[in-house]
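*Asks:* Dropping the sequence and predicted coords here.
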Amino acid sequence: MKALAVLLLGWAALAMPGWAQVPAQPVDVLHWLTSASERRAANQLSAILAANGVQWRDAAIPGGGGMAAVKVLKSRVLMGDAPDVAQLIGTTLTEWADVGLVMPLNAVATRQRWAQTLFPTVMDLVSYNGMVIAAPLGIHRINTLLYNRRLFARVGLPPPTTWAEFELAVRKLSAQGIQPLAWSDEPWQVATVFEAVLLSDAGPALYRELIVQRRSSAWLDPRVERALTRLRWLRNTNGEPPREKPWTDATRELLAGKAAMLVMGDWAKGELIAWGASPGKDFGCVVLPGTENTHLYSIDTLAMLANGHHRDATQEKVAELVFNASTQLAYNRIKGSVPVQRDMDVASLDSCARDSWASFADPRTARVPSLAHRMAADESTKDAVAQTLWRYLTDPRMEPAEAQRRLAAVIRAPSNTP
């Protein structure tokens, strides 16, 4: 990383003579990019900004899913110490824009032709009431099944593409004393697995009714019961007592051969690469059975906050640099996600990333937003769903039908008819 930063600094000095004599303009950046791969991705952004006269002042808040970071951000805003840049994603973006805390980026978006270059789904996400409210970083695929290639070679099976094949793999792996699936009972991770399983069993049309339109009556559909039953079965494949552990621990179990599979967003792939693993050699990734031709997405974004520091020009520069094609490739190659632009050459990305980008770009793909990662619901709804699923999994007495009724109650949007 140091060598890369030096190269970037040298390039910038040649491209913009005299820039080194101009003091770097600081920006305070609050984010939750704290795992090995996330830290490397943040360092990459920091180096690119430094090469262009912007000093990244880091305010990293650990915690899977960004829950702790959002709390710290709210506290800083209330104390009148809002950062210049914050990692805000999904529905949280519109909530902050609605109260005037987000700086519009319309001028940047016009200069760089975001409307013509971004995937429409991404452009819709960062647009609100005629304003562009964030700079998009990358697109994650949630319905990803990562597998240890050596363990699958040992049992003589290809990665599963159907649930029948998945069940066969579980039996064969278990027979050889191999834990089939890495698992954590941390609520947000449970919700991450569930929404991918729900997409598999419900299909994209019903998924949208459940998650996007939030029709509470749809949660009583038999396909939801099937998804809940499958979720409990997946939980029980490893035979461990309930245990909450960081997603990085589950990912490390996959790499170490302690578990053969992991259902997780493709940020786990970025972590594996950061630890020295090679896609296609040490691990592979496919979509979860039943989710072919669908892309369950989460999109990373950086918002420029209106905080009275009078750094608008520097904040706009951050947005411009984030959108730059070379930045997109450099960042997403490390993070595990894929670029947000639809006219990119993604040949330099790994095979998992190329498949994800091609799927998102394909007009035949059903692109559906993640609930667990704030794309389709506000913070309170997301948390309530995750806690309900956690209670269902940790209480063997709760039947799927009871979990359905509880989910229908917490997911109900005020404007929906029960």
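*Replies:* Looks like it arrived, so ask away.

*Asks:* in this protein, which helix has the most residues?
*Replies:* If you go by DSSP state H, the chain has its longest helix at helix 187-207.

*Asks:* just checking, what packs against it?
*Replies:* helix 222-236, strand 259-263, strand 294-304, strand 366-369, helix 379-394 (3 or more CB pairs under 8 Å, 6 or more residues apart in numbering; DSSP states H and E). Placement of C-beta: from N, CA and C, glycine included.

*Asks:* what comes into contact with whatever helix or strand comes next after the first one?
*Replies:* By that I understand helix 222-236. Next in sequence after helix 222-236, counting helices and strands by DSSP states H and E, comes helix 247-256. If you take CB atoms under 8 Å, 6 or more residues apart in numbering as the criterion, helix 247-256 is touched by 35-36, 64, 146-148, 179, 182-184, 186, 189, 259-262, 264, 268, 271-272, 275, 277, 282-283.

*Asks:* Next: stretch 174-184.
*Replies:* 151, 154-155, 169-170, 173, 190, 234-235, 237-240, 243-247, 249-251, 253-254, 257-263.

*Asks:* same deal with stretch 309-317?
*Replies:* 25-27, 52-54, 84-85, 103, 105, 107-108, 304.

*Asks:* now do 7 Å
*Replies:* With CB atoms under 7 Å, 6 or more residues apart in numbering as the contact definition, stretch 309-317 has outside contacts at Q25, V27, N52, V54, D84, V85, M103, L105, A107, V108, M304.

*Asks:* what about burial for those, which qualify?
*Replies:* Q25, V27, N52, V54, D84, V85, M103, L105, V108, M304 (16 or more other CB atoms under 10 Å).

*Asks:* Report the two of those separated the most.
*Replies:* N52 and M103 (18.9 Å; CB to CB).

*Asks:* Next one: Y147 from E253, what distance?
*Replies:* Per CB to CB, to the nearest Å, Y147 is found 12 Å from E253.

*Asks:* just T237 next, same as before
*Replies:* Taken as CB to CB, the span from T237 to E253 is 13 Å.

*Asks:* Which stretches in the stretch 51-200 of the chain count as helices?
*Replies:* 67-78, 91-98, 106-111, 114-117, 120-125, 149-155, 163-175, 187-207 (DSSP state H, counting those that start in this stretch).

*Asks:* Tabulate the ones you listed in JSON lines, adding columns for mean pLDDT and distance to D343.
*Replies:* JSON lines is the format used below for the helices of the stretch 51-200 of the chain (pLDDT from 0 to 100; distance: least, CB to CB, whole Å):
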{"stretch": "helix 67-78", "mean pLDDT": "89", "distance to D343": "32"}
{"stretch": "helix 91-98", "mean pLDDT": "92", "distance to D343": "24"}
{"stretch": "helix 106-111", "mean pLDDT": "97", "distance to D343": "16"}
{"stretch": "helix 114-117", "mean pLDDT": "97", "distance to D343": "6"}
{"stretch": "helix 120-125", "mean pLDDT": "97", "distance to D343": "13"}
{"stretch": "helix 149-155", "mean pLDDT": "96", "distance to D343": "33"}
{"stretch": "helix 163-175", "mean pLDDT": "97", "distance to D343": "36"}
{"stretch": "helix 187-207", "mean pLDDT": "97", "distance to D343": "26"}
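
*Asks:* Save those as TSV, and put in distance to T291 too.
*Replies:* Formatted as TSV, those follow (distance: least, CB to CB, whole Å):
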stretch	distance to T291
helix 67-78	26
helix 91-98	23
helix 106-111	32
helix 114-117	28
helix 120-125	17
helix 149-155	19
helix 163-175	11
helix 187-207	5
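
*Asks:* for these, which one ends up most surrounded?
*Replies:* helix 187-207 (a mean of 23; mean count of other CB atoms under 10 Å).
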